[in-house]
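Asker: please work out how this folds:
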Amino acid sequence: VQLQASGGGLVQAGGSLRLSCAASGRTFSKLTVAWFRQTPGKEREFVVRINWGSGITYYSESVKGRFTISRDNAKNTVYLQMNTLKPEDTAVYYCAAGSADFYGYWGRGTQVTVSS
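Answerer: The predicted structure follows:
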């Protein structure tokens, strides 16, 4: 499956952005889809995941209550709604798919920059 992430950009602190992760080549069926983020010099950080079949989600504590992951079955797309953004949310965001233990599919990242 090929993943295409989009929707990044520059936003002021307190603002919102919505990222999209579209799949091609196969559907997300039976997969877990997750968002990770990474800043230069730091390890990649887990943000959130969703089980495509059950819809069960799991958020990192750093984004809980501010970010919302959702899916659109018809469009085979996962969304990440990011509200109340903070400068520390600045990173390259990647979507990934696979199981909760191993993500074998990765998309190119999309840059999110939050200015203070």
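
Asker: what about stretch 61-69, average pLDDT?
Answerer: Mean per-residue pLDDT for stretch 61-69: 98.

Asker: check the offset of that stretch from the chain's centre.
Answerer: Distance of stretch 61-69 from the chain centroid (Cα atoms, centre = their mean, to the nearest Å) equals 11 Å.

Asker: only C-alpha atoms, please: export it in PDB.
Answerer: The C-alpha trace of stretch 61-69 is given here as PDB (Å, rounded to 0.1, in the frame of the first residue of the first chain):
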ATOM      1  CA  GLU A  61      -0.600  11.900  26.300                       C
ATOM      2  CA  SER A  62       1.000  14.900  24.600                       C
ATOM      3  CA  VAL A  63      -1.800  15.200  22.100                       C
ATOM      4  CA  LYS A  64      -4.800  13.800  24.000                       C
ATOM      5  CA  GLY A  65      -7.700  16.200  24.000                       C
ATOM      6  CA  ARG A  66      -6.300  18.300  21.200                       C
ATOM      7  CA  PHE A  67      -5.900  15.900  18.300                       C
ATOM      8  CA  THR A  68      -8.500  13.700  16.800                       C
ATOM      9  CA  ILE A  69      -8.000  10.800  14.400                       C
END
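
Asker: how about that stretch: buried residues?
Answerer: With burial defined by 16 or more other Cβ atoms under 10 Å, the residues of stretch 61-69 counted as buried are Val63, Phe67, Thr68, Ile69. C-beta: built from backbone N, CA, C; applies to glycine.
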